[in-house]
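1. Sequence plus the predicted model coming up.
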Amino acid sequence: MAESLKTLQTLVRLSEKDVEDKQKALAQIRSRRDDIEQEKAQAKQKMQQELTQAHQSLDPQLQSMATAYQRRMLQQLEQLDERLSVVAHQEQLAADALQEAFSEQKRYEVLHEKAVKEAKRILEKKEQEQLDDMASLRQARKS
């Protein structure tokens with residue numbers, strides 16, 4: 001019984017470590033997503049500022065350059081959207097893996113708890129048997 005308790009205790013610790021690792025991985029993915037979203041927002045803001053300046057300018061060459069700049073920035077925004085899509089998929093996979101790790105951890109914790117209760121029950125039963133034996137011996141000596 002002691003061996004199975006140690007084994008279950010080890011499994012609980014390993015599953016806790018696995019959950020922690022998966023939480024860290026998910027946090028890193030979310031941080032990467034946030035960075036990309038921030039980069040996208042900054043690119044949009046910069047593009048708006050540059051286009052506003054170009055349209056306010058009376059220089060035709062600057063206005064024609066603004067069109068090429070806008071195309072280039074729109075391509076950059078599309079690339080950022082693609083990266084966001086990839087990261088969103090990774091985030092979903094990591095969240096699913098974390099949920100599975102939580103479930104596994106809970107299963108091991110429940111099994112460990114049951115094993116502890118069973119070991120306690122067996123110990124109490126042995127103690128009671130010893131007390132009963134001692135009482136029987138006392139009774140036999142008295143008679």
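-> Sure, I can see it. Residues are numbered from 1 along each chain as shown.
2. give me every residue that touches the spatially most central residue of the chain.
-> Residue closest to the mean C-alpha point of the chain, counted by CA atoms, centre = their mean, is Gln23 at 2.7 Å. Counting by CB atoms under 8 Å, 6 or more residues apart in numbering, Gln23 touches Leu98. Placement of C-beta: from N, CA and C, glycine included.
3. now the helix or strand hosting it: mean pLDDT?
-> Here Gln23 sits within helix 2-56, counting by DSSP states H and E. Averaging pLDDT along helix 2-56 gives 94.
4. from the middle of its chain, how far away would it be?
-> 9 Å (CA atoms, centre = their mean, to the nearest Å).
5. That helix: what's the following helix or strand?
-> Downstream of helix 2-56 (by DSSP H and E), the next one is helix 60-142.
6. Tell me what angle that next one forms with helix 2-56.
-> Using axes from the mean of the first three to the mean of the last three CA atoms, to 10 degrees, one finds that helix 60-142 and helix 2-56 are set 160 degrees apart in direction.
7. and helix 60-142, what other elements does it pack with?
-> In terms of contacts (3 or more CB pairs under 8 Å, 6 or more residues apart in numbering; DSSP states H and E), helix 60-142 is packed against helix 2-56.
8. Quick check: Lys142 vs Leu131, distance?
-> Shown here: Lys142 relative to Leu131, a distance of 17 Å by CB to CB, to the nearest Å.
9. more neighbours, the two?
-> Leu131 (10 against 6; other CB atoms under 10 Å).
10. any idea how far that one is from Ala140?
-> Separation of Leu131 from Ala140 (CB to CB) stands at 15 Å.
11. and if you look at Asp96?
-> 66 Å.
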